[in-house]
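> Attaching a predicted model along with its sequence, questions to come.
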Amino acid sequence: MLLSKKNLSPNRIKDLINFSKGISIKFSNLNLLELAFTHRSFGNESNAKKHENNERLEFLGDSVLGMATAAYLYEHLMDTPEGELSKIKSTVVSEQSLAPIALKIGIDKMLILGKGEEMSGGRHKKAILADAVEAVIGAYYLDSGYKAAEKLVLEFMIPEIEKVLENKGTKDFKTMLQEAHQKKYKTCPTYELVKETGPDHDRVFWVTVHLKNASYGPESGKSKKEAEQNVAKKAWNELANN
């Protein structure tokens, strides 16, 4: 059930309209947009009904985001194999990409949070921001249809895709692997330092990464951090090509 229109104050309606104008869209039903900004913490601390938060919209928006991005990559990167397309898609629809987009378009100012989440800095938490981007996409899909939502998605994603294509060597594979693994299994990868070699002034660190169903490595690096990145890259590449 949507938030009732009477619960939207004139000032809030103005804010919702201004937000929409800022990203060149228009909502027929502002209650959908309001719902997209409503974090579950608000419902937990209020008398809101069971599903009066943005999680269902986030679920829907995630699929629209994935479909629109995948179709664009398929159509515009004709010579790119499936494994590489999957890696690009996973990078650009990740929390690392979506959270900065949320800040850029002002979602942080629009969020409706519970007092506890507000106090703990929820307005700037990457996961909350990224989820809200997906919820806005889901709300816009319901309000205006797939073509309109696809256009919005591509305005967000094309610059991110271009960044990845320009900076293939600078990806944060640990972050990418963690986000993908958390989304699928609700657990984080664990890294194990299995050995150190070389003299004290020129140590080499060897690290293995353990996922839910498999382990990868060991891979080496001049620091534990570098070794972790290298083994995360190995795991990411093998998973993407399977």
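Right, received. Where do you want to start?
> Report the residue ranges of every domain in this protein.
5-170, 173-240 (automatic domain parsing).
> Name the residues that touch the helix or strand hosting residue 14?
Residue 14 belongs to helix 10-22 when assigned by DSSP states H and E. Residues outside helix 10-22 that contact it (Cβ atoms under 8 Å, 6 or more residues apart in numbering) are 8, 26, 27, 30, 33, 34, 105, 106, 110. The C-beta positions use only the backbone N, C-alpha and C, and glycine is treated the same way.
> Out of those residues, which is nearest to residue 181?
Looking at those and their distance to residue 181, the nearest is residue 105, at 27.9 Å (Cβ to Cβ).
> can you pull the contacts of the closest one?
Residue 105 neighbours (Cβ under 8 Å, 6+ apart): 19, 22, 23.
> Name the nearest residue to the last one, sequence neighbours excluded.
Which is residue 23. Distances taken as Cβ to Cβ, 6 or more residues apart in numbering place residue 105 nearest to residue 23, at 5.4 Å, with adjacent residues excluded.
> So which residue is smack in the middle of this protein?
residue 95 (2.7 Å; Cα atoms, centre = their mean).
> Run a quick neighbour tally on the residue nearest to that residue when sequence neighbours are not counted.
The shortest distance from residue 95 to any non-neighbouring residue, by Cβ to Cβ, 6+ apart, is to residue 130 (4.3 Å). Neighbourhood size, residue 130 [other Cβ atoms under 10 Å]: 24.
> okay but residue 130 is in contact with residue 102, surely?
Yes: applying Cβ atoms under 8 Å, one finds residue 130 in contact with residue 102, separated by 6.6 Å.
> taking the mean pLDDT, what do you get for the helix or strand hosting residue 150?
Following DSSP H and E, one finds residue 150 within helix 146-166. Helix 146-166 shows a mean pLDDT of 94.
> Could you export that helix as CSV, CA atoms only?
The C-alpha coordinates for helix 146-166 follow below in CSV (Å, rounded to 0.1, in the frame of the first residue of the first chain):
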residue,chain,number,x,y,z
TYR,A,146,10.0,0.7,-19.1
LYS,A,147,11.1,3.1,-21.9
ALA,A,148,11.1,6.1,-19.6
ALA,A,149,12.9,4.1,-16.9
GLU,A,150,15.4,2.8,-19.4
LYS,A,151,16.3,6.3,-20.4
LEU,A,152,16.8,7.3,-16.8
VAL,A,153,19.0,4.3,-16.2
LEU,A,154,21.2,5.0,-19.2
GLU,A,155,21.7,8.6,-18.1
PHE,A,156,23.1,7.2,-14.9
MET,A,157,25.0,4.2,-16.4
ILE,A,158,26.6,5.4,-19.6
PRO,A,159,29.1,7.7,-17.8
GLU,A,160,30.0,4.8,-15.5
ILE,A,161,30.4,2.4,-18.4
GLU,A,162,32.8,4.9,-20.1
LYS,A,163,34.8,5.2,-16.8
VAL,A,164,35.3,1.5,-16.7
LEU,A,165,36.3,1.3,-20.4
GLU,A,166,38.8,4.1,-19.8
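> Show me what it is packed against.
helix 55-76, helix 82-92, helix 95-105, helix 126-144 (3 or more Cβ pairs under 8 Å, 6 or more residues apart in numbering; DSSP states H and E).
> Swap in 7 Å and give it another go.
helix 55-76, helix 82-92, helix 126-144 (3 or more Cβ pairs under 7 Å, 6 or more residues apart in numbering; DSSP states H and E).
> show me where pLDDT drops low in the chain?
For the chain, residues meeting the criterion pLDDT under 70 lie at 1-6, 44-51, 168-171, 241-242.
> most remote residue from it's center?
Outermost residue of the chain (Cα atoms, centre = their mean): residue 199, 41.6 Å.
> The residue nearest to the centre of the chain is in contact with residue 125, isn't it?
No: between residue 95 and residue 125 there is no contact under Cβ atoms under 7 Å: 9.8 Å.
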